[in-house]
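Chemist: Just the structure for this:
(one chain, ligands or ions: 2)
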Amino acid sequence: MSTDKDCIFCQIIAGDIPSAKVYEDADVYAFLDISQVTKGHTLVIPKAHVKDIYQTNEEIASQLFARVPKISTAIEKSFKPKGINILSNTGELAGQSVFHLHLHLIPRYDQTDGFNPTWITHPDDYSANDLAEIANSISQNI
Ligand code: 5GP
Ligand code: ZN
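Modeler: Ligands and ions are numbered 1, 2, ... in the order given. As a prediction, the model looks like this:
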């Protein structure tokens, strides 16, 4: 399994940097984000060092997401949030600051709980044709 000695998440997996562990198995590690956006904010990471979603193969992606329902359910049982946002930032512009793939599980308690997804939707900006062209462009690259 690939690791990177300079990566803080690899060092957390190895136990060289302490963390508040939530879950661990052979392939996946989950721990509390040191900077809790909301109570119970958890990071789920593959043990293999992959930088981001682009470097992630289907096996690692499957293993990673397979653990998300049970960890989310445990958070729900513990703190009874009204919902959970699951997100992964890829690239600095998108907010990625640690370059070892991770999923954020952010329990949501109310509109002012600290998590503020600020995207603004413009439903009329794209025609059905525009959408078809965009979808075609992406699908041709899969
Ligand atoms: P990103 O910004 O890459 O999406 O998320 C990285 C997250 O890792 C941040 O929310 C940050 O608080 C968290 N983080 C950074 N360093 C550490 C650390 O040493 N320990 C823990 N538990 N979380 C960390
Ligand atoms: Zn790493």
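
Chemist: what residues does the chain put near ligand 1?
Modeler: Taking C-beta under 6 Å from any ligand atom as the criterion, the chain approaches ligand 1 at residues 8, 17, 19, 31-35, 89, 95-98. In this view, the C-beta of every residue, glycine as well, is placed from N, C-alpha and C.

Chemist: Would you confirm that Ala20 contacts Leu32?
Modeler: Yes: assessed by C-beta atoms under 8 Å, Ala20 is found in contact with Leu32 at 4.0 Å.

Chemist: Looking at these two, which is more packed in?
Modeler: Leu32 (15 against 11; other C-beta atoms under 10 Å).

Chemist: what about the more buried one, distance to Ala61?
Modeler: Leu32 sits 23 Å away from Ala61, going by C-beta to C-beta, to the nearest Å.

Chemist: Phi, psi for Glu59 please.
Modeler: Per-residue torsions, Glu59: phi -70, psi -50 (degrees, to the nearest 10).

Chemist: Please name the residues that touch it.
Modeler: With contact set as C-beta atoms under 8 Å, 6 or more residues apart in numbering, Glu59 has no partners.

Chemist: separation between it and Lys80?
Modeler: Counting by C-beta to C-beta, the gap from Glu59 to Lys80 is 34 Å.

Chemist: low-scoring pLDDT stretches of the chain, where are they?
Modeler: Along the chain, the model assigns pLDDT under 70 to no residue.
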